[in-house]
Each structure stands twice: as structure tokens, then as C-alpha cells.
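Peer 1: Coordinates only, no sequence provided:
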């Protein structure tokens, strides 16, 4: 039993080392890209978000508006409109799930910060 515990701790330590190496690679990629650094200047967007956005959205010139980008990422409700009645459904699952997750987490953090400070940034 003690041997199993030591092996589990060794595996966790190796995983921590692997995570640290990947984190260094990610930060190197982030720092080497001007666009990634510019994206990270936006509140709620960090190095991971910025790098994921750069990887996923290769040609931002083809996107006409922020609404189109949000729909492409799966951040907008599905539209069920007929006969002049506008009915919005649930948030779609389109796009990259990991990117959507980090963007929503960043936006939630910004909203919580604004509520704490009671200011409008």
C-alpha cells in the first residue's frame, strides 16, 4: 500500500513538471506574438485566452462584426424567429468548447470585479 502511495505521488509530481513545461511554452508563444499581447490587454482576457483566440481565429478580417464572431464561437442564443416575432433559444454549442469556457470565465471575473468595486469600467 505504501508503494502504491509513493507511485501515485511520483506520478503527480511528474504531471506537475509536465504542466510547468507546457506553461512555459505557452508563455513563450504568447510573448512572441504581438497580437496575443494586444488581446491580453483586454480586461478578462489573459495569455491562455489570447493564445487560444489566435490559434482558433486565423483570419479575423473575414469576420464582419463582433456579433458574428460571438455566434461563430457559440456565445449567442440560437435564433427561432418567424413572422416578425423574435424568439431566442438556448446558447448553442457551436465553436470550440475550451475557448468558449475561458472567455466566459474571464467575462464572469470582470463582471464580479465591477460589482465589487461598484464602478463601470
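Peer 2: Received, thanks. None of these values were measured; they are calculated from a predicted model.

Peer 1: Residue 52: neighbour count?
Peer 2: Counted with other C-beta atoms under 10 Å, the neighbours of residue 52 add up to 21. For the C-beta atoms, the positions are set from N, CA and C on the backbone; glycine is no exception.

Peer 1: how deep is the closest residue in space to it that isn't next to it in sequence tucked in, by neighbour count?
Peer 2: When the adjacent residues along the chain are set aside, residue 52 lies closest to residue 99, with 4.8 Å between them (C-beta to C-beta, 6 or more residues apart in numbering). Neighbour count of residue 99, defined by other C-beta under 10 Å: 19.

Peer 1: Look up which helix or strand residue 99 falls in, please.
Peer 2: helix 97-117 (DSSP states H and E).

Peer 1: Quick one: mean pLDDT for that helix?
Peer 2: For helix 97-117, the mean pLDDT works out to 86.

Peer 1: Go through it and flag the buried ones.
Peer 2: Neighbour counts over helix 97-117 (16 or more other C-beta atoms under 10 Å) mark 99-100, 102-103, 106 as buried.

Peer 1: Next, format the residues you listed as CSV and append distance to residue 51.
Peer 2: Shown next, in CSV, are the buried residues of helix 97-117 (distance: C-beta to C-beta, whole Å):
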residue, distance to residue 51
99, 10
100, 15
102, 10
103, 13
106, 13
